[in-house]
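A.B. asks: generate coordinates for the sequence data below:
(2 chains)
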Amino acid sequence: MPYDPAHSEKRWQEAWESADTFRAVRDERPKYYVLEMFPYPSGRIHMGHVRNYTMGDVVARFKRAQGFSVLHPMGWDAFGMPAENAAMEQGGHPRDWTYGNIATMREQLKPLGLSIDWSREFATCDDTYVHQQQSMFLDMLEAGLIYRKSAMVNWDPVDMTVLANEQVEDGRGWRSGALVERRELTQWFFRISDYSDELLTALDGLNGWPEKVRLMQANWIGKSRGLQFSFATVDAPTGFDAIEVYTTRPDTLMGASFAALSPDHPLIKHLAETRPDIAAFCEECRRIGTTEEAIETAPKLGFDTGLTVRHPLDPAWELPIWIANFVLMDYGTGAIFGSPAHDERDHEFATKYGLPIRATFGPKGATLADADALIADAPYVPLKSEAVTYVRGFAGNADQTGEEAVAAAIAHAEAEGYGQGVTKFRLRDWGISRQRYWGCPIPVVHCDTCGTVPEKKENLPVILPQDVTFDVPGNPLDRHPTWRDVPCPVCGKAARRETDTMDTFVDSSWYYARFTAPHATTPTVAEDADYWMNVDQYIGGIEHAILHLLYSRFFARAMVKTGHLPEKSKEPFDALFTQGMVTHEIYKTTDERGRAVYHLPESVTDGKLADGTVVEIIPSAKMSKSKKNVVDPVNIVENFGADTARWFMLSDSPPERDVEWTAAGAEAANKFLNRVWRLADDVPKAGEDADLIRAAHRAIADVTKAIEGFAFNKAVAKLYELANAIGKSQAGGEQRREVLRILAQLLAPMVPHLAEEVWSNAGGQGMVVDAAWPKADPALLVSDSVILPIQINGKRRAEIEVPKDMPKEQIEAMVLADETVLRFMEGAPVKKLIVVPGRIVNVVV
RNA sequence: GCGGGCGUGGCGGAAUGGUAGACGCAUGGGACUUAAACUCCCUGGAGCGUAGCUCGUGCGGGUUCGAGUCCCGCCGCCCGCACCA
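C.D. replies: Predicted structure coming up:
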């Protein structure tokens, strides 16, 4: 009987559903919470989803078999810009578009046979989720975790609307094409920077996280020790007698050649009021977008204000005050001193504007002349841990490391009283205001009498109005009087609702906690959070390594502070795994006007279109609609079955790396699953093979280890080996069925439907999904002898087979008596003989 | 620009500092078949004077008895950069 996945997969999915197999329940078993980052409901599922959720499913099913009570939920990150864009482009309402997409994607996900507790499903745009998020917002506001301040946004002067960074292309608005300006707006902020030090220190405890993610977060938080001091100004306007400066390199103070201020610095803003040339320069600077990338890659621009400051170590020494477009008002004090000899940006700036470049140190042993000569064309920036010679030092020894010199300079400044050591963080507070409709409304009201006041909890949820249109750019909430105009919750007079909505990162910062009690009338329920938290294994893309994960770590702390999570959940994700993308080749032709035309993989056969046109094959890249290099999982499931899609997503590439989807690979996966089916379908009546039992137990050990280590591709390889061994074996009858049952159990986390078929064919009791994970018998794993390769001078020349625990001396004797060894030694005396037991022998002659 | 990562046969990849290329795909050969498909068996880094030898893990150096693995310097590609999700 041939394998028929369409029939078989449906049958087992129904069996699991009617047994309610995957409902997560609190019971006496130890719990295991596995979570994959929830999807944005873009319209259809893609292969990236299949890969992500299959990996999570392997873990969930594996842990279930190991006796854990598993929570494996699914939901939707449902607010965000694409829904509004769809409304603008095709009409309709963001809500309808979103829920329609969710319905489609749920129906596409279900045939994959994931072990998900669907009873816990929710979307972040559900009124109940909005309600609980607003309720927590009010608690956090009251706890002092939220405040308002002014911050920059991208402003499109033609569309009169705020743009996301993504909507700015080469400094222009994506729809209007107008030059974008930076504009200040009062916005809501979470005080994440209050937690900078803690979020940094706590990274050390996250042993289940990839080292690279911890490093990225540590660098993002950016703790630095530096000197804060003030420059006395010369003839500056009143109120600006001094300018506060922060520097991480106070040891280079003697190399200072200018002071540089941000265009947004108060002094510059003050000057701009009376100086049109300064105002014009600042306006030019503000035409750079708000992203750090744009600011740092833009050409360095400077403007000499004509004012000067006095050098703190020599009041007679005056430095010019420049305005520089690369100085950020957000970081430090918005003012720096330029020390071009030892900083890339300062060097470029000084060279461009003809400012002096004077070395403060050079390589060890350098003279003043050496050091000055060295930095003429490029700055000298050694590691801070490297010892250098200070030629214009003022604190500490002449020879010291940068670190020592910085410490000495801070000590000097503190002793002399012109500055003090300060610890600063790069991490800024989290701005959550979005001037957009499709997001969680911020539950506050602006009253002329009472100011900005929280909405009353009994008035929650503040629900988005349904009667809005998107034919005009901007936020429809701003022009919706009946929704916007409300009585003040304090005095009852006419007031105005906040029309900004929350950043969607807020939604995704606590959904993991909500899954523990998804239908509760409070944000969380203590007993449920207590039992299910923390997430034991979190799985998602590396692109979320910083923002989403850092915000979630902060939000968990904020929830602990406001009583919505237990203390132990400060770090909500015990272990993290970051998986790679799914890529595909790109097929391109060129139309008569020379423009690129892309073609879907299914329309290309052997590098040709149906009409015979040869396509250009561009190497694999992330699947994207615009390049049409997408494979629809729905088609794969229909043609081959879910197990084939799952198996292929797990085989070949290591999970953390990108995997390339190829038709050949999918067919190979399908071929293997068919072979497994035949093995189970056709069992010889009799035959003995003790080696097969050993192979099966070897496979149990290897597959278990591979799954635990997230090496699914290696688990797949080991299962190929076991299947090959079964195919070649003489074993029959119950002995063969026993091995087939082991195969079924080992396959079950990855290809659960086929595993059920194999299990039941091989006489397994009940369903394999309920079977306990097999244990390898240690006695069957060891072998009595090992093969030792022998190297002569590091090159492999021979091998010997020896008993596993043969003493070194005997091995040495055997090696030196070996014919091949003697031939290669050519009579030379042995200089050294290295025996690594059970591993290798190296003869050095 | 800054931060992080990756780079191994024709392809995806494997390898606690210890036999480079497990496992899979492609290729070539064979069996089965009237034939094909399916399936099964063998082959499967490159070169050469082919019982074997030499070279080979992006490039250039270094440490080591021994380096894909560790260190230094490059090159290329990918991810993130705070309003994409």
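
A.B. asks: what strand or helix carries A:Glu734?
C.D. replies: Here A:Glu734 is covered by helix A:733-747, with elements defined by DSSP states H and E.

A.B. asks: show me the contacts for A:Asn52.
C.D. replies: The neighbours of A:Asn52, taking CB atoms under 8 Å, 6 or more residues apart in numbering as the test, are A:36-37, A:539-541, A:579. For glycine as for every other residue, the C-beta is placed from the backbone atoms N, C-alpha and C.

A.B. asks: what do you get if the cut-off is 6 Å, keeping everything else the same?
C.D. replies: Taking CB atoms under 6 Å, 6 or more residues apart in numbering as the criterion, A:Asn52 is in contact with A:Glu36.

A.B. asks: helix, strand, or coil at it?
C.D. replies: Local secondary structure at A:Asn52 is given as helix here, using DSSP: H, G, I helix; E, B strand; the rest coil.

A.B. asks: relative to A:Leu109, how far out is it?
C.D. replies: Counting by CB to CB, to the nearest Å, the gap from A:Asn52 to A:Leu109 is 11 Å.

A.B. asks: up against RNA strand B, what does the stretch 601-750 of chain A have?
C.D. replies: For the stretch 601-750 of chain A, the residues found near RNA strand B under the criterion CB under 7 Å from any atom of the strand are A:621-622, A:651-654, A:657-660, A:662, A:664-665, A:667-668, A:671-672, A:674-675, A:711, A:713-714, A:716-717, A:720-721, A:724, A:727-728.

A.B. asks: for the helix holding A:Glu734, buried residues please.
C.D. replies: For helix A:733-747, a neighbour-count test (16 or more other CB atoms under 10 Å) marks A:735-747 as buried.

A.B. asks: quick check: angle from the very next helix or strand once past it to helix A:733-747?
C.D. replies: Using DSSP H and E, the helix or strand that follows helix A:733-747 in sequence is helix A:752-761. Calculated by axes from the mean of the first three to the mean of the last three CA atoms, to 10 degrees, helix A:752-761 forms an angle of 160 degrees with helix A:733-747.

A.B. asks: what sits up against helix A:752-761?
C.D. replies: Contacts of helix A:752-761 with the rest of the structure, by CB under 6 Å, 6+ apart, involve A:8-9, A:12, A:113, A:643, A:673, A:680, A:740, A:744, A:747-748, A:767-768.

A.B. asks: state the mean pLDDT of that helix.
C.D. replies: pLDDT averaged over helix A:752-761 equals 96, rounded to a whole number.

A.B. asks: now swap in stretch A:707-715 and tell me
C.D. replies: Mean pLDDT, taken over the full extent of stretch A:707-715, equals 94.

A.B. asks: and what of stretch A:165-185?
C.D. replies: On average, stretch A:165-185 scores 88.

A.B. asks: centre of the chain to it, how far?
C.D. replies: Taking CA atoms, centre = their mean, to the nearest Å, one finds the center of stretch A:165-185 at 26 Å from the center of the full chain.

A.B. asks: report the mean per-residue pLDDT for stretch A:413-432.
C.D. replies: Stretch A:413-432 carries an average pLDDT of 94.

A.B. asks: please disregard the earlier target; I meant stretch A:481-488.
C.D. replies: If you average the per-residue pLDDT over stretch A:481-488, you get 92.

A.B. asks: could you check it and say which residues are buried?
C.D. replies: The neighbour-count check on stretch A:481-488 (16+ other CB under 10 Å) flags A:483-484, A:486, A:488 as buried.

A.B. asks: columns distance to RNA strand B and secondary structure on top of those residues, output as TSV?
C.D. replies: Supplementary listing: these in TSV, determined by distance: CB to the nearest atom of the strand, whole Å; DSSP: H, G, I helix; E, B strand; the rest coil:
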residue	distance to RNA strand B	secondary structure
A:Trp483	20	helix
A:Arg484	18	helix
A:Val486	23	strand
A:Cys488	25	coil
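
A.B. asks: make sure A:Pro774 is indeed in a strand.
C.D. replies: No: assignment of A:Pro774 by three-state DSSP gives coil, placing it outside any strand.

A.B. asks: now for it, how many residues are close by?
C.D. replies: By the measure other CB atoms under 10 Å, the count of residues near A:Pro774 is 19.

A.B. asks: ok, it - contacts?
C.D. replies: Under the criterion of CB under 6 Å, 6+ apart, the contact list for A:Pro774 reads A:700, A:742, A:745.

A.B. asks: just how off-centre is stretch A:814-823 within its chain?
C.D. replies: On CA atoms, centre = their mean, the centre of stretch A:814-823 falls 55 Å from the chain's centre.

A.B. asks: would you mind writing the CA trace of that stretch as PDB?
C.D. replies: What follows is stretch A:814-823, C-alpha atoms only, in PDB (Å, rounded to 0.1, in the frame of the first residue of the first chain):
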ATOM      1  CA  MET A 814      52.600  -1.800  18.700                       C
ATOM      2  CA  VAL A 815      53.000   1.500  16.800                       C
ATOM      3  CA  LEU A 816      56.800   1.300  16.600                       C
ATOM      4  CA  ALA A 817      56.500  -2.300  15.400                       C
ATOM      5  CA  ASP A 818      54.000  -1.500  12.700                       C
ATOM      6  CA  GLU A 819      55.300  -2.100   9.200                       C
ATOM      7  CA  THR A 820      53.800   0.900   7.600                       C
ATOM      8  CA  VAL A 821      55.000   3.100  10.400                       C
ATOM      9  CA  LEU A 822      58.600   1.800  10.000                       C
ATOM     10  CA  ARG A 823      58.500   2.400   6.300                       C
END
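
A.B. asks: do that stretch and RNA strand B meet?
C.D. replies: No: under the criterion of CB under 7 Å from any atom of the strand, RNA strand B is not reached by stretch A:814-823; the shortest gap measures 8.0 Å.

A.B. asks: ok, residues contacting that stretch?
C.D. replies: Contacts of stretch A:814-823 from elsewhere in the structure, counted by CB under 6 Å, 6+ apart, are A:790, A:798, A:800, A:841.

A.B. asks: can you tell me the SS state at the residue nearest to A:Thr644 when sequence neighbours are not counted?
C.D. replies: With sequence-adjacent residues excluded and distances taken as CB to CB, 6 or more residues apart in numbering, A:Thr644 is closest to A:Asn670, at 4.4 Å. Assigned with three-state DSSP, A:Asn670 falls in the helix class.

A.B. asks: wait, A:Asn670 sits on A:Asp643?
C.D. replies: No: counting by CB atoms under 6 Å, A:Asn670 sits too far from A:Asp643 to count as a contact (8.7 Å).

A.B. asks: neighbour-wise, which of the two wins?
C.D. replies: With other CB under 10 Å as the criterion, A:Asn670 and A:Asp643 differ in neighbour count, and A:Asp643 comes out ahead with 27 against 21.

A.B. asks: what mean pLDDT does stretch A:646-653 have?
C.D. replies: 91.
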